[in-house]
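Trainee: quick one, fold the following:
(2 chains)
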Amino acid sequence: MIPMALMPIAVIVFGQFLPAYPLRILDLVLLYAMLGLGLNIVVGYAGLLDLGYVAFYAIGAYTYALLASPQFDLHLPFLLVLLIGAGLAALAGVLLGIPVLRLRGDYLAIVTLGFGEIIRVLMNNLDGLTNGPQGIARIDEAVIFGWHLSTPLDYLYLLVVLVVLTFLFVWRLQESSLGIALAAVREDQDAARGCGIDTTGVKLVAFATSATIGGIGGVVFASMQQFVSPESFTFWESLSIVLVVVVGGLGNPFGVILGAALLVVMPELLRAYADYRQLLYGIALVLIILARPMGLIRREYGPSWLVRRMTRA
Amino acid sequence: MKVLHGVSLELFAGEVVCIIGPNGAGKTTLLRTLSGLCRPTDGRIAFKGEQVEGTKPFQMARRGLGHCPEGRRVFQHLSIEENLIAGFLPGRGKSRAELFSEVYTLFPVLGERRTQSASRLSGGQQQMLAIGRALMGNPELLLLDEPSLGLAPLIIHQIFEIVIQLAERGVSIILVEQNVDLSFEIADFIYAFDHGRVHCSGPAEMLRGDERVRDMYLPRVA
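Mentor: Residues are numbered from 1 along each chain as shown, chains lettered A, B, ... in the order given. Okay, the predicted model is just below:
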């Protein structure tokens, strides 16, 4: 447990020495780590390819944008909106889940992709509500029990806490009987049905849980950027989160965090080669996947493995 | 596609019923229909006196039906213990720990290797795991689909010993088998299937050596 407990502390200490810009990047790494941990429940644990995860992120972000900005002159407290955003995202997860979870594989991927686009197009066109493509600006900064979050360092603290909580949650989930049921669905859905698992039920719970985490991520994102527009929630964004999970290690929370670090930092490092950035990024991804087809850290070397390892030694 | 036609069979508590018949006779389809994995287009299924056709598989499992599928279908990348947890159903009168110890007593090899991944088990051990997984639901009726498939005679013998033990404890069993001799050894009642129909049926001792069973496998040369 000790090395795991040291990691967040190390991140916070490290953050003290960083200037504002790299600190923002570190915030983004943590935000993507959180989203990746959430999506991993569906993609990594249950083995369902969800290409529309950004929809839940968007719902969280717009919930905060609408309830805590001059748009409607509402300024609800951050923690309250965090709950509302998480709840709405969970609801969306269930509503999307009910019709689509009968589908498998490619079909599921296509429908979720469509759902992600629907939400983005809605945000783009509901001018009266969302201000359309111009987005919503001057969103309130988060205030938590009187603590006013304004600098990237403040958000670093918040995000470290959220990533730790999400990490512990998804780890416990993976080890629970629900997690095992999801693994059974991933391995062999028909056999899982045959041995008494309510496959639709557990997939729905997975979808809703994953959506909830995406919604929370969205609320934090909106308060951090103080601006949201449909541009932040394109298909590319969904794909990036899937990449975080796949490159990092399907089903492995450590892998997801490493994947988030790599996929957020790499494009920043490539910024110097502006014209070739996308090309180099693509080549790097292909090379990573070729070298580590199971992800940077394989499924079995997760937190439980580490704990077993440490207690044995 | 319609596979089963006018099939009628019954089973009493604590009985071992064997379904025999050649490939494509509809044996597996029958079991899948009983456990809710296939929906009957028509006809009735009663379990413990209640109509159950159209009931979902997980609801059938909660009512006390365990299905051990053809080809074992264990979760290869999960550990033995996780495979068993996947089959555990709460609220069936026995705790997880009780069922674990029952399964590990029946199949000691599973207990010895509980943290290993199921893919590292031999075929016979995987069959034991598949049966163990079905037993984790504490079933009153156990459906076994060709447990002898691809196994060495010695292992088949071991597994059938366990099946007999289970029946003696009062678990009703419907066993699908291609191996006719084995079926006659352990069954109380036999149904011989062919082309989706009951070709003939009767208590095992009465059907033994019956021409109709033999003809099913060895068509008379005209």
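Trainee: count the neighbours of the residue nearest to A:Y64 when sequence neighbours are not counted for me.
Mentor: Leaving aside its chain neighbours, A:Y64 sits nearest to A:A222 (4.0 Å; criterion: Cβ to Cβ, 6 or more residues apart in numbering or on different chains). All C-beta atoms are positioned from the backbone trio N, CA, C, and that covers glycine. Residues within reach of A:A222, counting by other Cβ atoms under 10 Å in any protein chain shown, total 30.
Trainee: for A:A222, give me its contacts.
Mentor: A:A222 makes contact with A:60-65, A:139, A:228, according to Cβ atoms under 8 Å, 6 or more residues apart in numbering or on different chains.
Trainee: got it, and B:P203?
Mentor: Per Cβ under 8 Å, 6+ apart, neighbours of B:P203: B:188-190.
Trainee: same check on B:E211?
Mentor: Taking Cβ under 8 Å, 6+ apart, one finds nothing in contact with B:E211.
Trainee: for chain B, give me its nearest residue in the stretch 101-250 of chain A.
Mentor: When distances are taken as Cβ to the nearest Cβ, the stretch 101-250 of chain A reaches nearest to chain B at A:G196, 2.9 Å away.
Trainee: quick check: that residue touching B:A61?
Mentor: Yes - if you go by Cβ atoms under 8 Å, A:G196 and B:A61 touch, sitting 2.9 Å apart.
Trainee: give me the common contacts of these two.
Mentor: Taking Cβ under 8 Å, 6+ apart as the criterion, A:G196 and B:A61 both touch B:89, B:137.
Trainee: re the thing from before, can you confirm the residue nearest to A:Y64 is in a helix?
Mentor: Yes - counting by DSSP: H, G, I helix; E, B strand; the rest coil, A:A222 is part of a helix.
Trainee: quick one: the strands in the stretch 101-250 of chain A?
Mentor: A:143-144, A:147-148 (DSSP state E, counting those that start in this stretch).
Trainee: ok, and which of these has the densest surroundings?
Mentor: strand A:143-144 (a mean of 16; mean count of other Cβ atoms under 10 Å in any protein chain shown).
Trainee: helices or strands next to that strand in the packing?
Mentor: helix A:78-100 (3 or more Cβ pairs under 8 Å, 6 or more residues apart in numbering or on different chains; DSSP states H and E).
Trainee: output the helix it packs on in CSV with nothing but the alpha carbons.
Mentor: The C-alpha coordinates for helix A:78-100 follow below in CSV (Å, rounded to 0.1, in the frame of the first residue of the first chain):
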residue,chain,number,x,y,z
PHE,A,78,-19.8,23.7,-6.7
LEU,A,79,-20.4,20.6,-4.5
LEU,A,80,-24.2,20.7,-5.1
VAL,A,81,-23.7,20.9,-8.9
LEU,A,82,-21.1,18.1,-8.7
LEU,A,83,-23.9,15.9,-7.3
ILE,A,84,-26.4,17.1,-9.9
GLY,A,85,-24.0,16.7,-12.7
ALA,A,86,-23.0,13.2,-11.6
GLY,A,87,-26.7,12.3,-11.2
LEU,A,88,-27.6,13.6,-14.7
ALA,A,89,-24.7,11.8,-16.2
ALA,A,90,-25.7,8.6,-14.5
LEU,A,91,-29.3,9.1,-15.7
ALA,A,92,-28.0,9.6,-19.2
GLY,A,93,-25.9,6.4,-18.8
VAL,A,94,-29.0,4.4,-17.9
LEU,A,95,-31.2,5.9,-20.6
LEU,A,96,-28.5,5.2,-23.2
GLY,A,97,-27.8,1.8,-21.7
ILE,A,98,-31.3,0.4,-21.8
PRO,A,99,-31.6,0.3,-25.5
VAL,A,100,-28.0,-0.2,-26.5
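Trainee: for chain B, what are the nearby residues on the stretch 101-250 of chain A?
Mentor: Residues of the stretch 101-250 of chain A that fall close to chain B, judged by Cβ under 8 Å from any Cβ of the partner chain: A:177, A:180-181, A:183-184, A:187-188, A:190-199, A:201.
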